[in-house]
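>>> Below: sequence and its predicted model.
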Amino acid sequence: MDLRLSPEHERFRSELRTWLAANLRRPWREELRDPRATETRLIELRRAWQRKLWEAGYLGMDWPVEWGGRGATAVEKSIFEEEIARADAPPILNILGIGLLGPALIHHGTEAQRRRFIPPMLSGDEIWCQGFSEPGAGSDLASLRTTAVLDGDHFVLNGQKIWTTFGPWADWIFVLARTDPKDRYGGISFILTKLDTPGITVRPLRQITGESEFGEVFFEDARVPRENLVGRIGEGWRIAMTVLGFERGAVGLAHAARYARDLAQLARTCRELGRTGEAVREKLGRLLVENEVMRANGLRTLADLAAGKVPGPESSIEKLWWSEFDKRFRETALDLLGAGGQLLRTSPAARDDVDWAREFLWSRAGTIYSGSSEIQRNIIAKRVLNLPQDGR
Amino acid sequence: MKFDLSEDQELLRRSTRDLLDREWPLEKSRRLMEHEPRGWDRGAWRQLAEMGYLGLLAPPSAGGQGLGPIELAIVCEEVGRAALPGPYLDAVLAAALLEAAGGHDALLADVVGGRRLAVIARDDAPFSGEPRAVTRFADGRVQGRKYFVPFAASADVLLVATPDGVALAEGPFAATALPTIDLAQRFAEVPLDHPAAFLGPATLLERVDRLAAVGAAAELLGIMARLLDATVGYVQTRQAFGRPIGSFQALQHRLADMLLRTESTRSAVYRAAWCLATDDAEAPLACAAAKAYAGDAARAVAGEAIQMHGGIGFTWELDVHVFFKRAKTLEQHYGATETQLARALAAAGL
């Protein structure tokens, strides 16, 4: 057992810290509460930050150098995510392009597709959104009904995608569409579609936070060139499942770094407010303990990655952990702050630290997106505990 | 970087499990717990000593193995899984305290060899809150009253924690048994008015407290792992409505949560043990977090184990309650959750 980073990884971490100290203008939290912080301004800020990371060689960490990546390992990627969280850097803009589509093209795309799509994806010139969920296909994704019918050298797309993160700002969407109505899994294809194609309409959806980070996308006889198919016809489900696997990694470490920072702030604020009684201390203590356990889980995943193990269904434990913890953390913060915790950022009485109200609302999303808590528990029950098919 | 145990450590785990399965099957242990007034078999205990388990942490010069906190976690996990009756962790902690103090080589060698039993006496009150009187050490005497002293009726030596430092008192002690829900552990109330030696300042207990946290958390982990196995096995065979109850999502999701708690405890326990073994600066926080979390997690897992076994889970006959009770006791001792939360906050500078 050895939970120390190797000397090379330590060097990577310290170089990255130096780079962040020199290049991060101000923490994301401060950008968010800047009075001029409109949605558009924040989007452009994220685009600029992404470009900076790209120019410094910190994007596509574990992609081959040939395709604009760094050629590093999942370990460096996890260290990178942890340091970014620790420094409170803005999130990059093209999360879905770089997180999901990039790996899909590297593993399943053609040479021409990689050449065409990867450089602007990394630079932030083309922003991607993910067209998976539909009004009738959420957790049961394979029941999706958006169709793609081949007509000469084009697919004709009809249907609707929903909860499409970045839909309102994206230039492109990668769509899972049905090419064979009779084959549940083998009848799904993976198609790259430009959002300004005639027949496509994007409508923002207002979220419980008041923001419109996601939207819905309608397809009405939208014609997409056949060369935008990734893999073969009917291979979409397999590609989507391998791609979702790339979301895994030692995410616990990055989350733990973020919560450690917010928890320190919460403890300082409680002290300033004179909230130092035993009940308050116990709540803070429990959050701290749970965060340390999440860090331990993250270290274990990182060590397994470093030892060459491929993360399996156990990564469902990390997803379940941080997303459920996020809710407990944010709820507790509001309990401790009293009514003032609910003040909007724009309120004159709001405190000048974490936007607790916004975080509280956002915490309701994590247990729904990228595989709800219920789906994660199904995965653990079936693939880790080997329980029999459920009878509901 | 790797989380997995070394080959030697894996060997220690396998040989410990084999030994406990062979020599301390639960039917035999339950007979001891339920019918032997002292709650353990001192003769059989000598075998643990001969195999080096009591001297796990002690230096070879004292007849010990000179191993560290990771090995302690491995053995304690197996001890928890087996519900081994007897003061295993208590004896190891006493040996660690004697070693840290120095100057008691003969006693240390006897504890490691299983010839004498030393345990640490900590609690000044039977319930939480301020004690009515605090045990003090002055002028070569220790005076007061200690509660929940483990296996005091069998103890030859008590290492008594007082505000004046740790005092070493030799028995016999007038121990009054304090029966609790836990069958595997015997506790007693011990009035003290004994000549005693000064073992060292109270700060000596700090590292021992961290070892205690890791050891107890590892026992809790062993309990959780065993109950999870037992429950997963049961729901696959027990039929209701024409199918195994383990096929119902209502149970599957809760079993998934049991796994999450068990594996998260494993991460926390072994990380804490590793931090302690390497003198990592995060050891105080990691140890406190491991014990605090393990206590909550084991209570939840053991409670679910009873619930999912249904009526049979509430019977004396089934073994589940032995672990359920043990989990609750371990949660309260070796630094209760409240204490660990305070330690964690202090260690994190919050």
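Alright, I've got the coordinates.
>>> could you list every residue that touches the residue in the stretch 51-200 of chain B that chain A sits nearest to?
For the stretch 51-200 of chain B, the residue closest to chain A is B:I70, as judged by CB to the nearest CB, at 6.0 Å. To be clear about C-beta, it is placed using only N, CA and C from the backbone, and glycine gets the same treatment. The contact partners of B:I70, taken as CB atoms under 8 Å, 6 or more residues apart in numbering or on different chains, are A:M1, B:L5, B:Q9, B:Y270, B:A273, B:W274, B:A277.
>>> Show me what the host helix or strand of the fifth one is packed against.
It refers to B:A273. In this assignment (DSSP states H and E), B:A273 forms part of helix B:249-277. Secondary-structure packing of helix B:249-277 (3 or more CB pairs under 8 Å, 6 or more residues apart in numbering or on different chains; DSSP states H and E): helix A:278-306, helix A:315-337, helix A:373-379, helix B:69-82, helix B:205-237, helix B:283-309.
>>> contacting residues for the residue in the stretch 251-350 of chain B that chain A sits nearest to?
Distances between the stretch 251-350 of chain B and chain A by CB to the nearest CB are smallest at B:L341, namely 3.1 Å. Listed by CB under 8 Å, 6+ apart, the contact partners of B:L341 are A:R281, A:E282, A:G285, A:R286, A:L288, A:V289, B:A288, B:A292.
>>> That one looks like it's in a helix, true?
Yes. B:L341: assigned to a helix according to DSSP: H, G, I helix; E, B strand; the rest coil.
>>> excluding its backbone neighbours, what's nearest whatever residue of chain A ends up closest to chain B?
Relative to chain B, the nearest point of chain A is A:G285 (3.1 Å; CB to the nearest CB). Distances taken as CB to CB, 6 or more residues apart in numbering or on different chains place B:L341 nearest to A:G285, at 3.1 Å, with adjacent residues excluded.
>>> Show the pLDDT at the one you found.
At B:L341, the model reports a pLDDT of 98.
>>> now swap in A:A306 and tell me
Here the pLDDT value assigned to A:A306 is 88.
>>> cool, and A:Q265?
For A:Q265, the pLDDT comes out at 96.
>>> now swap in B:V214 and tell me
For B:V214, the model assigns a pLDDT of 98.
>>> ok so, going back, give me every residue that touches the residue of chain A closest to chain B.
With contact set as CB under 8 Å, 6+ apart, A:G285 has these partners: B:A292, B:L341, B:A342, B:A344, B:L345.
>>> ok, now how distant is the third one from A:V289?
Plainly put, B:A342 is 11 Å away from A:V289 if you go by CB to CB, to the nearest Å.
>>> and those two? which has more neighbours close in?
Neighbour count, other CB atoms under 10 Å in any protein chain shown: between B:A342 and A:V289, A:V289 has more, with 26 against 17.
>>> Please tell me I have it right and that one contacts B:Y293.
Yes. Judged on CB atoms under 8 Å, A:V289 makes contact with B:Y293 at a distance of 5.4 Å.
>>> which stretches of chain A form helices?
A:7-23, A:28-33, A:39-55, A:74-87, A:95-96, A:102-108, A:111-123, A:236-245, A:251-272, A:278-306, A:315-337, A:356-362, A:373-379 (DSSP state H).
>>> Tell me which of those helices sits most buried.
Highest mean neighbour count among the helices of chain A (mean count of other CB atoms under 10 Å in any protein chain shown): helix A:278-306, with a mean of 23.
>>> tilt between it and helix A:251-272?
160 degrees (axes from the mean of the first three to the mean of the last three CA atoms, to 10 degrees).
>>> In TSV: the helices of chain A, plus distance to B:W24.
Below are the helices of chain A laid out as TSV (distance: least, CB to CB, whole Å):
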stretch	distance to B:W24
helix A:7-23	43
helix A:28-33	55
helix A:39-55	57
helix A:74-87	41
helix A:95-96	54
helix A:102-108	51
helix A:111-123	60
helix A:236-245	43
helix A:251-272	36
helix A:278-306	30
helix A:315-337	32
helix A:356-362	50
helix A:373-379	35
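>>> Quick one: closest of these to B:A175.
Each of the helices of chain A was scored for nearness to B:A175 using CB to CB, and the closest is helix A:278-306 (33.2 Å).
>>> I'd like to know which elements the lowest-mean-pLDDT helix or strand in chain B is packed against.
When each helix and strand of chain B is scored by mean pLDDT, DSSP states H and E, helix B:42-50 comes last, with a mean of 90. Identification of packing neighbours for helix B:42-50 by 3+ CB pairs under 8 Å, 6+ apart yields no helix or strand.
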